[in-house]
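Enquirer: how would this look folded up:
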Amino acid sequence: MATTPESIAPSTTGTTTGNTTGDSTGDSHQVHTLPAIIAHVVDELRARREAHAARLRLMRELSTYSSAADLDDLYATLDRYDGDPDAEQIRAILGRVRAA
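Expert: Below is the predicted model:
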């Protein structure tokens, strides 16, 4: 999905988001300044880089399990976590390891 300024921060024209200034009226407008948008983008990119690095580490670690017995043991352990997104990611990596 392409990142556009609109997907990063909502429009600032007439967007009522609740109390953002600490007053009790609840009708103040949320303002997104350029530095705030840039900080958000930088944080998002940092999080993506960290997630990518973690996936690469996981792939390297799991690639060390190459015997059928090791892989079967790992799959048996993953069966306890059916539906868990992390377990699904590990299953996908192990599938590539087994195919290699």
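
Enquirer: I'd assumed Ser66 was in contact with Leu74.
Expert: No - with contact defined as Cβ atoms under 8 Å, Leu74 does not count as touching Ser66 (11.1 Å). (Each C-beta comes from the backbone N, C-alpha and C, glycine too.)

Enquirer: Compare the two (neighbour count), which wins?
Expert: Leu74 (18 against 11; other Cβ atoms under 10 Å).

Enquirer: Which helix or strand contains that one?
Expert: When secondary structure is defined by DSSP states H and E, Leu74 falls within helix 68-78.

Enquirer: next helix or strand past that helix?
Expert: Secondary structure here is assigned by DSSP H and E; on that basis, the next helix or strand after helix 68-78 toward the C-terminus is helix 85-99.

Enquirer: For that next one, enumerate the helices and strands it packs against.
Expert: Counting contacts by 3 or more Cβ pairs under 8 Å, 6 or more residues apart in numbering; DSSP states H and E, the secondary-structure elements packed against helix 85-99 are helix 34-62, helix 68-78.

Enquirer: Same list (the ones you listed) but as JSON lines, adding mean pLDDT and distance to Arg98.
Expert: Formatted as JSON lines, the helices and strands packed on helix 85-99 follow (pLDDT from 0 to 100; distance: least, Cβ to Cβ, whole Å):
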{"stretch": "helix 34-62", "mean pLDDT": "96", "distance to Arg98": "10"}
{"stretch": "helix 68-78", "mean pLDDT": "94", "distance to Arg98": "6"}
